[in-house]
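Enquirer: Predicted model follows, preceded by the sequence.
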Amino acid sequence: MNEPYERLVQSLKSLPGLGYRSAEKIALYLLVEKPERTEDLIERISSAKKKLGPCRICGNLTDQDECNICTSEDREVERICVVETVTDLFAMEKAGVFRGKYHILMGKLSPVRGVGPEQLNINSLKQRLENNDVEEVILALSNDMEGEATCHFLKNEVLKKTGLQVTRIGFGLPSGGGITYADENTLLNALQSRKRLDS
């Protein structure tokens with residue numbers, strides 16, 4: 001084809017879950033089949049980018065200073081579930097298996113990718129635990145080496161002196177997999193079967 005078209009396809013292809021054929025199909029849909037929808041899509045993406053940002057408490061996506069979960073009086077304040085990404089939080093909320101509050105790390109430790117503790121949302125977690133009625137911290141991170149290393153770091157470097165109960169989900173999650181694509185029953189089993197991380 002031509003360069004503008006190919007650049008569009010490559011940009012779409014870089015999105016999670018899209019291969020070349022899917023990206024090409026979307027590009028042709030927007031340019032040829034339904035060109036009137038292109039401007040609406042551009043406007044919505046631009047508006048979302050301007051209006052949405054991280055919650056100052058947990059890191060969730062919100063159009064306010066604090067997200068609905070953090071400000072809700074119906075949520076349990078005794079438990080904080082630590083997840084890697086907003087996508088993981090969305091998966092947990094969609095499954096409806098957790099009624100506490102969340103904290104999003106914005107990733108996991110990965111020395112190979114240059115991600116250390118300073119690149120993660122850890123300092124605000126420390127502040128939350130100092131100024132809160134939290135009794136339990138649930139580590140709901142991926143069941144892979146980086147997830148395990150992050151759990152180990154949090155338990156030994158961040159949570160050790162807090163006196164809080166630290167648990168880790170795991171049962172029902174495949175080895176090497178994350179929680180984003182787990183179904184509701186798997187997430188429920190993982191939460192119900194969490195284990196305490198003893199020293």
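Expert: In hand now; what should we look at? Numbering: from 1, shown residues only.
Enquirer: which residues of this protein fall in helices?
Expert: 3-13, 20-28, 36-51, 68-71, 86-95, 123-130, 145-153, 184-192 (DSSP state H).
Enquirer: Which strand residues bridge the closest residue to Arg194 other than its chain neighbours?
Expert: In this structure, Arg194 finds its nearest non-sequential neighbour in Thr167, 4.1 Å apart by CB to CB, 6 or more residues apart in numbering. Quick note: C-beta positions are derived from backbone N, CA and C, even for glycine. In this entry, Thr167 is beta-bridged to Ile138, Arg196, by DSSP bridges.
Enquirer: so who does Thr167 touch?
Expert: Counting by CB atoms under 8 Å, 6 or more residues apart in numbering, Thr167 makes contact with 136-139, 194-197.
Enquirer: List only buried entries from those residues.
Expert: Neighbour counting by 16 or more other CB atoms under 10 Å classes 136-139, 194, 197 among the contacts of Thr167 as buried.
Enquirer: Using TSV, please lay out the residues you listed together with distance to Leu129 and pLDDT.
Expert: Listed next are those as TSV, based on distance: CB to CB, whole Å; pLDDT from 0 to 100:
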residue	distance to Leu129	pLDDT
Glu136	11	93
Val137	7	94
Ile138	13	95
Leu139	13	95
Arg194	18	75
Leu197	15	76
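Enquirer: Show the pLDDT at the residue nearest to Cys70 when sequence neighbours are not counted.
Expert: Once flanking residues are discounted, Cys70 sits nearest to Ile57: 4.5 Å by CB to CB, 6+ apart. Note for Ile57: predicted pLDDT of 94.
Enquirer: now Met1
Expert: 67.
Enquirer: Please give me every residue in contact with the residue positioned nearest the centre of the chain.
Expert: By CA atoms, centre = their mean, the chain has its centre lying nearest to Thr85, at 1.6 Å. Contact analysis of Thr85 by CB under 8 Å, 6+ apart lists 104, 106-107, 180.
Enquirer: What of Gly19?
Expert: Gly19 touches Lys13, counting by CB under 8 Å, 6+ apart.
Enquirer: quick revisit: among the contacts of Thr167, list the two that are farthest apart in space.
Expert: Val137 and Lys195 (13.2 Å; CB to CB).
Enquirer: Let's test this: mean pLDDT of stretch 146-158, rounded?
Expert: pLDDT averaged over stretch 146-158 gives 91.
Enquirer: who's in contact with that stretch?
Expert: Here stretch 146-158 has contacts from 82, 84, 105, 108-110, 117, 120, 122, 125-126, 137, 139, 141, 166, 168, 178, 197, using CB under 8 Å, 6+ apart.
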